[in-house]
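Peer 1: just coords:
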């Protein structure tokens with residue numbers, strides 16, 4: 001995906017983040033679709049642009065352009081509407097250049113709760129680390145005494161995480177996080193055992209779960 005120069009990423013210009021775009025995507029998509037429709041209807045014999053924007057990769061909306069004409073069309077349109085939403089300035093960059101966000105794995109007690117409650121709870125109980133743009137990539141297979149989640153975090157949160165030694169308050173324990181700055185979690189597999197501080201005497205399963213929905 002990242003090597004194809006016809007695939008573009010829509011971001012918020014001042015931060016290069018994808019979440020502000022995702023939050024407004026339904027409005028942005030409707031506006032862009034209306035402009036494309038108007039162009040096609042006004043040019044029945046002319047070249048028509050083609051796109052596919054169903055994928056969200058690492059928290060960024062990716063727009064695949066059919067050809068060079070489509071990419072130029074999209075670039076021009078984004079330039080015209082980039083300031084249409086208060087607090088959001090749209091910017092289009094090649095998908096190959098969008099930021100590779102760090103990931104983290106967290107181990108928590110093996111308890112029943114809905115996955116989408118995890119980040120709000122962590123934020124409420126650990127206010128020194130801003131988690132506004134965090135999301136869950138994958139809820140991994142439960143182990144005997146714990147369960148783990150692979151998270152998509154932000155570069156800005158790495159410093160505050162270091163200050164708390166990558167440990168979060170969670171219930172009656174400190175939940176350990178293992179961050180992955182450059183390598184994938186699979187490449188860091190041999191280092192994961194160091195995150196076992198919170199699970200003294202408990203054997204972690206060495207098998208990694210597949211990462212989904214990236």
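Peer 2: Received the coordinates, thanks. Given the structure is predicted, the values throughout are model-derived calculations rather than measurements.

Peer 1: what does the stretch of helix or strand residue 162 belongs to rub up against?
Peer 2: Per DSSP states H and E: residue 162 is located in helix 158-163. Residues outside helix 158-163 that contact it (CB atoms under 8 Å, 6 or more residues apart in numbering) are 102, 104, 128-130, 153, 177, 179, 181. The C-beta positions use only the backbone N, C-alpha and C, and glycine is treated the same way.

Peer 1: tell me the strands beside the following helix or strand past it, with direction?
Peer 2: Later in the chain than helix 158-163, the nearest helix or strand by DSSP H and E is strand 167-170. The strands beside strand 167-170 in its sheet (DSSP bridges) come out as strand 173-180 (antiparallel).

Peer 1: buried stuff in the partner strand?
Peer 2: The neighbour-count check on strand 173-180 (16 or more other CB atoms under 10 Å) flags 175-180 as buried.

Peer 1: in a markdown table, list the residues you listed along with distance to residue 148 and pLDDT.
Peer 2: Below are the buried residues of strand 173-180 laid out as a markdown table (distance: CB to CB, whole Å; pLDDT from 0 to 100):
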| residue | distance to residue 148 | pLDDT |
| --- | --- | --- |
| 175 | 10 | 92 |
| 176 | 10 | 92 |
| 177 | 10 | 93 |
| 178 | 9 | 93 |
| 179 | 14 | 92 |
| 180 | 13 | 86 |
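
Peer 1: still on that earlier bit, mind putting the contacts of helix 158-163 into a markdown table with secondary structure?
Peer 2: As requested, these are exported to a markdown table (DSSP: H, G, I helix; E, B strand; the rest coil):
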| residue | secondary structure |
| --- | --- |
| 102 | coil |
| 104 | strand |
| 128 | coil |
| 129 | coil |
| 130 | coil |
| 153 | coil |
| 177 | strand |
| 179 | strand |
| 181 | coil |
